[in-house]
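Trainee: missing the sequence, but the structure's below:
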């Protein structure tokens, strides 16, 4: 892991000035154009729903599990999707072990909002016995290395895990037809989750009101004045918007961000779906992990 300071604001004045001056000239320290993403790699694990994503030097691991629980009283015919995040000190010295900090809570809520409010995952299909048993799906996100723009990397990891997860088949039996039988994968092929669309998070870093970049790095985050995350799908439906930082953003700039995010979302959706399909064709035939380089 690249050695980093615990507090990004301890960067030297010269380092900050170099990044700011380069961005004023539409240049970035890593050679990218303002609206380019870093190299993105998805590695599927040997178990369903286990995924590692690398976006540049940012490294995130995610996995999905499910268990049968009683449904909420106000939603007796729906299962649930819950997201949990862990920011390990291994990823960044500024992260503390123990209870989730503000950054971990914010990241989980933004991803949750994009999935839940757009109803990307069909929770009604998780119902086994109305009012009695439903599947509760748990998505865990672990930050392994903070190279900047954790949100976009974690969002891709979450979507890839949800797409490849398989839950056991349940049937009703017994004398009264109310006994739930969970079939092991050797007996019946597990079922995938029903994912209607992929809400893609695209994060913009603002250096000034009019100078912005996509996918800010760890060091660019140290000098930017604010950020905006647009979660949008391939159909250009806006699922969520999150604005943070002290700088104001004009409506025209927000619309510009949404246009850029829509193009990025369509491209990324296609690549994630192709990677998932390739994994299902090839990855299930081997006990080894399966890796795809998207760009």
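Mentor: Yep, it's here. Small disclaimer: the values here were computed from a predicted structure and weren't measured. Residues are numbered from 1 along each chain as shown.

Trainee: which strands and helices sit next to the longest helix seen in the chain?
Mentor: Identified as the longest helix of the chain according to DSSP state H is helix 251-282. The elements that helix 251-282 packs onto, with contact taken as 3 or more C-beta pairs under 8 Å, 6 or more residues apart in numbering; DSSP states H and E, are strand 40-44, helix 150-164, strand 200-206, strand 212-214, strand 226-232, strand 290-293. All C-beta atoms are positioned from the backbone trio N, CA, C, and that covers glycine.

Trainee: will you turn these into JSON lines that also has mean neighbour count?
Mentor: Output for the helices and strands packed on helix 251-282, formatted as JSON lines (neighbours: other C-beta atoms under 10 Å):
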{"stretch": "strand 40-44", "mean neighbour count": "22"}
{"stretch": "helix 150-164", "mean neighbour count": "26"}
{"stretch": "strand 200-206", "mean neighbour count": "26"}
{"stretch": "strand 212-214", "mean neighbour count": "23"}
{"stretch": "strand 226-232", "mean neighbour count": "24"}
{"stretch": "strand 290-293", "mean neighbour count": "16"}
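
Trainee: which among those is found nearest to residue 81?
Mentor: Nearest to residue 81 among the helices and strands packed on helix 251-282 is helix 150-164 (8.3 Å), distances taken as C-beta to C-beta.

Trainee: chain center to that closest one, what's the gap?
Mentor: 3 Å (C-alpha atoms, centre = their mean, to the nearest Å).

Trainee: buried residues, the longest helix of the chain. List them.
Mentor: Going by neighbour count (16 or more other C-beta atoms under 10 Å), the buried part of helix 251-282 is 253, 257-258, 260-262, 264-266, 268-269, 271-273, 275-276, 279.

Trainee: with stretch 11-21 instead?
Mentor: Here stretch 11-21 shows 11, 19 as buried, counting by 16+ other C-beta under 10 Å.

Trainee: can you list contacts of that stretch?
Mentor: 5, 29, 207, 219, 220, 222, 223 (C-beta atoms under 8 Å, 6 or more residues apart in numbering).

Trainee: return the per-residue confidence for residue 293.
Mentor: pLDDT for residue 293: 57.

Trainee: which stretches in the stretch 101-250 of the chain count as strands?
Mentor: 127-129, 133-145, 166-167, 169-173, 179-183, 191-192, 200-206, 212-214, 226-232, 238-245 (DSSP state E, counting those that start in this stretch).

Trainee: for residue 171, which non-adjacent residue is spatially closest?
Mentor: residue 181 (5.1 Å; C-beta to C-beta, 6 or more residues apart in numbering).

Trainee: near the one you found, how many other residues are there?
Mentor: Residues within reach of residue 181, counting by other C-beta atoms under 10 Å, total 12.

Trainee: hmm, it is touching residue 169, no?
Mentor: No - contact criterion C-beta atoms under 8 Å: residue 181 and residue 169 do not qualify, at 9.0 Å.

Trainee: quick revisit: what's the closest of the contacts of stretch 11-21 to residue 234?
Mentor: Residue 234 lies nearest to residue 220 out of these, by C-beta to C-beta, at 27.0 Å.

Trainee: contact partners for the closest residue to that closest one other than its chain neighbours?
Mentor: Leaving aside its chain neighbours, residue 220 sits nearest to residue 205 (5.6 Å; criterion: C-beta to C-beta, 6+ apart). Remark: with contacts taken as C-beta under 8 Å, 6+ apart, residue 205 is in contact with 212, 213, 214, 216, 220, 221, 224, 226, 227.

Trainee: need those in CSV (columns: distance to residue 188).
Mentor: Shown next, in CSV, are the contacts of residue 205 (distance: C-beta to C-beta, whole Å):
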residue, distance to residue 188
212, 50
213, 49
214, 44
216, 46
220, 49
221, 47
224, 51
226, 51
227, 46
